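Undergrad: give the three-dimensional model of this entry:
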Amino acid sequence: AIQNAPNPGGGEQKPLARLSPLKPPLRKPPPCRGHSGCRGSCGAGEAGRSPGPFSAQIENTPILCPFHLQPVPEPETVLKNQEMEFGRNRERLQFFKWSSKVFENVSIIPPETGTAHQVNLEYLSRVVFDVKDFLHPDSVVGTDSHTTMVNGLGILGWGVGGIETEAVMLGMPLTLPLPEVVGCELTGTVSPFATSIDIVLSITKHLRQADVAGKFVEFFGSGVSQLSVADRTTIANMCPEYGAILSFFPVDNVTLKHLKHAGFDKTKLEVTEAYLKAVKLFRNDESSSREPEYSQVVQVSLSSIIPYVSGPKRSQDRVAVNNMKSDFQACLNEKSGVKGFQIATEKQNDIVPVQYEGNEYKLSHGCVVIAAVISCTNNCNPSVMLAAGLLAKKAVEAGLVVKPYIRTSLSPGSGMVTHYLSSSGVLPYLSKLGFEVVGYGCSTCVGNTAPLPEAIRNAIKQGDLIACGVLSGTKNFEGRLCDCVRANYLASPPLVVAYAIAGTVHIDFDTEPLGTGFNGKSIYLRDIWPTRQELHTVEEERVISSMFKELKEKMEKGNKRWNLLEAPESTLFPWDLKSTYIRCPSFFDKLAKDAAPPRAVENAHVLLFLGDSVTTDHISPAGSIARSSAAAKYLTSKGLTPREFNSYGARRGNDAVMTRGTFANIKLLNKFIGKPAPKTIHFPSGQTLDVFEAAELYQKEGIPVIILAGKKYGLGSSRDWAAKGPFLLGVKAVLAESYEKVHRSQLIGIGIAPLQFRPGENPSTLGLTGREQFSILFPPDLLPRMTLDIKTSTGKVFSVIALFENNMEITLYKNGGSLNFVARRFL
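TA: The predicted structure follows:
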C-alpha cells in the first residue's frame, strides 16, 4: 500500500522564528504567505484559501502546522495509503475478519492500529498472568522476528516460522532442544552521543563473535540499570541479527517503574513484584545478590560504545561514524564482494550534473537518494525517535534543508509513535525536511518505496554511481531498497536525518559541516545534536504515560473502516475462483489418511547452485513484483495492470503468485548463470529459464529437484514462504554447509529434507559441479543427525548429515511436514 506513495524531500526554506515544541504561541498566527509546506488546511492560511481535501483528524493526535503550530488534519499521504490498503487488500482483510468469527480464541488487530509486535509490547503484555489466583510468567511466540522485543519487559518470547505457528494454533506443541544460556554482562556508563542503536550494534558484534546462534542470551551487571525499558526492547529486538533465539532482560525496578507509567495499577505491580521475587526471577543490583550461573559469559563495556552505522551491504559490517568517509572510500577501492564495489581510481571523483525541479544538482559516489526513518527497530524506543525529531527541529531553526530529489519518509510502527512525535512538537520539523508519515507497516526496508525520480535514476546509471540509502531498519541487503541503490546503511533515526541533510555518506561529521544555514553560517552535526537531558525531559513529560492510555482507548474503540468491513458468515470459507489474492492452497492435494514412509529421491537435478549467506529475501522476496517476472506474467493473464500488482507480501494468500515469486530476487546469484539474475538452467533441454519455468518443466517430466548451497542458508527474516515456495516448486531436499535455525525448522515443517555437508566438505572439495544427478536414500528408521549416503550420476558417493534435531522433527518430515501432520488428525 505504501510503494506508490510520493515521499518528496525537503525544499528551499526561508528563516523561521524559533518555535518551542511545548508552548504554542497565543497570538493570532500569521498568514501562510505561500509557504509550500502548508496546504492551508490549518485554518491560518491566506484568506479565501480552501481548507484542504481532508477534514478527519487522527483521534488524540494533534498534528501541528510547522508555520503556525495550529492543528491540521492527518497527513495526506497517510489517508491515501489507508484508503489504498483497504482497497487493495480488502479480500485479505475479509479473510482475517472471517477467521476471527469462526475460530475460537482468535482476535484480529485491525489495520491502522500498529504492527503486531508493537501492539503486543504496548497493549497485550501482562508480565505475570493471574488466572483464578494461579500466577505464572507471561510468554509469547510470534511469526515476526521482532517478537523478541518483549524480552525487554522481562517476558520470554521469540519468533518462529509461520508453518510452526499454524501447527501450534491447531494444537501441536512447540518443541526445541534445551538451549544454552549465555550471560551478557553490561558494565560502565553510556556515552551521551550513543543511542540504543549504537548499543545494539556493539552488542551484536560481541555476541556474533561469541557464537550465540541457537542460544538464549540474558543480560546482567551494573550497566543494565542504566538502560530504560525502551532501550532494552530495542536491544532485544535485534537478537535474530546475531543468531540468538532471544535476548532476555529480567524484570527489575526500572521495569516496574515503566509498568507504572504504562497503566499497571498498584495492586497489580505489588503482586508482580512479590511473585517474581518469590520465584527468583527479579533482578537487582545489590552486591549481596547472587548472579545466575551461565553456560558462558560475554562482557560488554558501555563506556566503549561510540556511534556506528552498518553497511554498505550487510548488517554485521559496522562502521564508526567518525570513520565513515574513509571506510566508504575503501569500499570504492575494494574488489566486488561483501563490502567492495571495485570502482576504478580515475572514476571515483566523477560528478554527474542533473536537472531536477528547475535546479541543477551534482551527484557523486556516496550521494544519498533514499533516507527512511522506519518502524521496526526504533518505534518501541521514544528516545531515538525523539532524537530524530529534536535534531530536525534544530536543523530547521538553523536554516538547513534536504535536497528535494532525496526520497525521505517516516514510517512509524504505530499511531502512538505519531502521537508522541506530534505531542512533543517535533513532527512538523521532520515534515519540513521531507520526513512525512507515509504509513504504519513495513515500507522502505522491504522495497516498498516510491520510485526515484527518472532524472536521478538516469544520472546514477549514466555515471555508474554508488548511490546510497540510509535507513533505521534492521535489513540492508544489496538491492533491497532499489535496484540502482547499491550501498545501504543502517543508522539510528537522528543519523538518518543527518545524512539526508548532508546529502552524502562521504563526509566526516567532525570536520565537515552538514550544510550552510542562515546568513551563510556553516552548521556542524555537533551544533544540532540533542543532549540526553533534552531527550529525557521531553520523553518523561510528554510521552510515556500518554502513549499507553491512548493505545488502550484506540484498541477498545477500533476503527470505522474495519468495523464496517463485511466478511463471510459461513463456517467454511467461500473460495472465490476469480480472486488473485486469496486462493485455496494446494498443500493438501492428494493427502492420504496415513503417512507413507520417506521416499528415496532418485536422479534429482539441481535446480539452483547457490553460495554463502542466501537470505530468505533471495528465496522469497516480499517487495514489489517486477514487470518481467513470472508472477507478473501470471497477474497480467488475470487481467491486472502493473499498478494493480501490489507486492509479494500482500499476495501471500495466493500460492500461484508466491510460487512464481520464489527465487525471483534480482540479486540471486546462481553459479550456473554466473551473474545476479533469477534464472537457472533446465539441464535436460539446456535452456536458461526463469526459476519457476524450469521447475515447472521438471515437474511435468517427473524429475525431482534439489538445491545446493553454502554457509548460512536461509539467513534473515523468518518467512514461511521461503520454505513453502521451494516445496511447491518440487524441491525435495536442500544440501548446504550450514543453515539459519528458523529456516531449517521451516524446511522440515513443509516436508523438505535439510541435509548438511560434513565438516570441512563442500561442493568444491567434493568436486561437484551441480550438473550431476543425485540420488538420496532415506532409511525407514531415520534418526536425528543420521549420516546418509548420496550417489551421483558420475558414480561419486559421499556422506551428508540429515539435520533433524529430534524425533518430533523426523515425525513431521515423515508426514510431509507439520501442516499434513495436523491435517491428518482431523481426517
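Undergrad: neighbours of V657, how many?
TA: Per other CB atoms under 10 Å, the neighbour tally for V657 reads 25. Yep, even glycine has a C-beta here, placed from its N, CA and C like the rest.
Undergrad: P292 falls within a helix, correct?
TA: No - assigned with DSSP: H, G, I helix; E, B strand; the rest coil, P292 falls outside any helix and is coil.
Undergrad: and S139, what is it in contact with?
TA: By CB atoms under 8 Å, 6 or more residues apart in numbering, the contact set of S139 is I155, L156, G157.
Undergrad: buried ones only from the residues you listed, please, as a ChimeraX command.
TA: Those of those that count as buried under 16 or more other CB atoms under 10 Å are selected in ChimeraX with:
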select :155,156,157
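Undergrad: got a markdown table for the contacts of S139, with pLDDT too?
TA: Below are the contacts of S139 laid out as a markdown table (pLDDT from 0 to 100):
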| residue | pLDDT |
| --- | --- |
| I155 | 95 |
| L156 | 94 |
| G157 | 90 |
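Undergrad: out of the contacts of S139, name the ones that lie in strands.
TA: Counting by DSSP state E, the part of the contacts of S139 found in strands is L156, G157.
Undergrad: out of the contacts of S139, which comes closest to S228?
TA: Within the contacts of S139, the smallest distance to S228 is 16.3 Å, found for I155 (CB to CB).
Undergrad: against H258, how distant is that closest one?
TA: Between I155 and H258 the distance, using CB to CB, to the nearest Å, works out to 13 Å.
Undergrad: again with S717
TA: Distance from S717 to H258, counting by CB to CB: 28 Å.
Undergrad: more neighbours: which of those two?
TA: The neighbour comparison of S717 against H258 (other CB under 10 Å) goes to S717, with 24 against 20.
Undergrad: just the element for that one, please.
TA: For S717, there is no host helix or strand (DSSP states H and E).
Undergrad: dump the residue contacts of it.
TA: Going by CB under 8 Å, 6+ apart, S717 touches S145, P240, K475, T616, D617, A622.
Undergrad: tell me which residues touch the first one, please.
TA: The contact partners of S145, taken as CB under 8 Å, 6+ apart, are G159, P240, T474, S717, S718.
Undergrad: output the longest helix belonging to the chain.
TA: Identified as the longest helix of the chain according to DSSP state H is helix 382-398.
Undergrad: so, low pLDDT: which residues of the stretch 1-150 of the chain?
TA: Low-confidence segments of the stretch 1-150 of the chain (pLDDT under 70): 1-78, 114-118.
Undergrad: same question, the stretch 151-300 of the chain
TA: By pLDDT under 70, the weakly predicted segments of the stretch 151-300 of the chain are 192, 197, 287-289.
Undergrad: where exactly do the strands run in it?
TA: 156-159, 181-187, 216-220, 246-248, 296-301 (DSSP state E, counting those that start in this stretch).
Undergrad: what do you get for the stretch 601-750 of the chain?
TA: Taking DSSP E, counting those that start in this stretch as the criterion, the stretch 601-750 of the chain carries its strands at 601-609, 679-682, 687-690, 705-708, 731-736.
Undergrad: returning to what we had before: let's have the contacts of S717 in CSV, adding distance to S793.
TA: Shown next, in CSV, are these (distance: CB to CB, whole Å):
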residue, distance to S793
S145, 40
P240, 39
K475, 39
T616, 31
D617, 33
A622, 37
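Undergrad: now for those residues: which two are most distant?
TA: Greatest spacing in those, by CB to CB: P240 and A622 (15.7 Å).
Undergrad: so which of these two has more stuff around it?
TA: Comparing P240 with A622 by other CB under 10 Å, the one with more neighbours is P240, at 25 against 22.
Undergrad: does the more buried one touch T148 like I think?
TA: Yes - counting by CB atoms under 8 Å, T148 is a contact partner of P240 at 6.7 Å.
Undergrad: identify the contacts common to these two.
TA: Shared contacts of P240 and T148 (CB under 8 Å, 6+ apart): G159.
Undergrad: for the closest residue in space to N519 that isn't next to it in sequence, give its distance to P513.
TA: Using CB to CB, 6 or more residues apart in numbering and skipping residues adjacent in sequence, the residue nearest N519 is G399, 7.9 Å away. Per CB to CB, G399 is found 12 Å from P513.
Undergrad: before we move on, the earlier item: C331: which of the contacts of S139 is nearest?
TA: The nearest member of the contacts of S139 to C331, counting by CB to CB, is G157 at 36.9 Å.
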